[in-house]
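Asker: take a look and give me a structure for this.
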Amino acid sequence: MMGAPGRGFVVEKSGVGGISWRVHFQRKVEECVKGFYSDHIFQSWLCASLEIKKEWLSRDNIERRSNITLEEFVREFEEPNKPLLLTGALDHWPALAKWDREYLLKHAGEVSFACGPVNMKLKDYFSYADLAEEERPLYIFDSKFAEKVPQLGKDYDIPVYFKEDLFSLLGNSRPDFRWLILGPARSGSSFHIDPNSTSAWNAVVRGSKKWVMYPPDVVPPGVFPSPDGAEVASPVSLTEWFMNFYDETRRRKEKPIECICKAGEVVFVPNGWWHIVINLEESIAITQNYVSRSNLLNVLDFLNKPNSKELVSGTINRETLYDRFRRTYENAFPGTIEELSFEADEKAKKLLQQKISFWDTVADNKQGGGFKFGF
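Answerer: Numbering: from 1, shown residues only. From the prediction side, this is the model:
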């Protein structure tokens, strides 16, 4: 038996008298504790045992595209900062055909990956995941997977829409930018905004994921960010948020963008967008964060905030990242920051004259709760 922080953490079935240690422990508790009740324990049990409801999965209003050109993507989605689900963009990936448990165990079974508060060998993680009963199971989220297992890095490539990544100018001193994500049903990430004001893409190799997204100026129900944005308070488990707050998304004027992303599909997450993601089954995905010219000014502004030491992540040199990145970029592309700033100012003036809010540029919510892009 091997344990780690977290309720119900199990990786082996070995136990007492031929029964699992979990059953043995539960019997002992039942013998020793009677007349004890706890709302906290009940809530945890409820979130771990409640089935994912069909109504949580029924709404799918993201725009989907296939065979879109790079120019169309930039013009219609990246520059307007609008989410998109891409189909067909991964059809050439070897990972789609190869990445099952047998293949991963062959190439990485003895390799340790970051998994919440611990590091676990992949073979041990699969054992844990098969028995996990927590309200929020641990999942692998490892930024060094391609360095640890070079074959995994060879099994995929960056879709053409996301190849411009200006942080790559920093070489090995760039912030963490890519992750292997692997977890059972109910695992995933609670509401957050991606680090350093970057945009991101998330490609599902196996399984399926439910997404709920809100634009930067709409804080999701049940989510309470600190004034400086350094911390976010939200329900402990993903199921708890859906159970207690999902209905509110239907009553609000600002409807979220939602979808189920399946194997072979990619979600584009624009910078600043809130999102929660829950695995509907055992799932494997790759995600990368990037900086393009479309969101360069946002990234520079974020890195230059007075509390950048608290906000910047993925690098040990937080306070110097702004200076290093801006200097390196200007050396490579002199004069373009000023050009981008001028274009952004002109666009802001036009929006101000038309009195159009950010939300209005993304969605029209006057059509019976349906979702309509305004571009």
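Asker: show me where pLDDT drops low in the stretch 51-200 of the chain?
Answerer: For the stretch 51-200 of the chain, no stretch has pLDDT under 70.
Asker: for it, which segments count as helices?
Answerer: For the stretch 51-200 of the chain, the helices defined by DSSP state H, counting those that start in this stretch cover 70-73, 94-98, 101-108, 122-131, 145-148, 150-154.
Asker: need the ones you listed in JSON lines (columns: mean neighbour count).
Answerer: For glycine as for every other residue, the C-beta is placed from the backbone atoms N, C-alpha and C. As requested, the helices of the stretch 51-200 of the chain are exported to JSON lines (neighbours: other C-beta atoms under 10 Å):
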{"stretch": "helix 70-73", "mean neighbour count": "14"}
{"stretch": "helix 94-98", "mean neighbour count": "15"}
{"stretch": "helix 101-108", "mean neighbour count": "15"}
{"stretch": "helix 122-131", "mean neighbour count": "19"}
{"stretch": "helix 145-148", "mean neighbour count": "16"}
{"stretch": "helix 150-154", "mean neighbour count": "14"}
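Asker: what's the closest of these to Leu352?
Answerer: The closest approach between Leu352 and any of the helices of the stretch 51-200 of the chain, judged by C-beta to C-beta, belongs to helix 70-73 at 27.0 Å.
Asker: so which residues make contact with that closest one?
Answerer: Residues outside helix 70-73 that contact it (C-beta atoms under 8 Å, 6 or more residues apart in numbering): Arg65, Leu84, Val160, Tyr161, Phe268.
Asker: returning to that earlier point: out of the helices of the stretch 51-200 of the chain, nearest to Val219?
Answerer: helix 70-73 (27.7 Å).
Asker: just how off-centre is the closest one within its chain?
Answerer: In terms of C-alpha atoms, centre = their mean, to the nearest Å, the centre of helix 70-73 is set 23 Å apart from its chain centre.
Asker: out of the helices of the stretch 51-200 of the chain, nearest to Arg324?
Answerer: With C-beta to C-beta as the criterion, Arg324 lies closest to helix 145-148 of those, at 21.6 Å.
Asker: elements contacting that closest one?
Answerer: In terms of contacts (3 or more C-beta pairs under 8 Å, 6 or more residues apart in numbering; DSSP states H and E), helix 145-148 is packed against helix 150-154, strand 178-183.
Asker: can you redo the helices of the stretch 51-200 of the chain as CSV with distance to Ala285?
Answerer: Supplementary listing: the helices of the stretch 51-200 of the chain in CSV, determined by distance: least, C-beta to C-beta, whole Å:
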stretch, distance to Ala285
helix 70-73, 20
helix 94-98, 10
helix 101-108, 13
helix 122-131, 15
helix 145-148, 12
helix 150-154, 12
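Asker: which of the contacts of helix 70-73 are buried, as a PyMOL select command?
Answerer: The PyMOL selection below is limited to those of the contacts of helix 70-73 classed as buried (16 or more other C-beta atoms under 10 Å):
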select buried, resi 65+84+161+268
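Asker: show me where the stretch 101-250 of the chain has strands.
Answerer: Assigned by DSSP state E, counting those that start in this stretch, the strands in the stretch 101-250 of the chain fall at 112-115, 118-121, 140-142, 178-183, 188-192, 199-206, 208-214, 224-225, 232-233.
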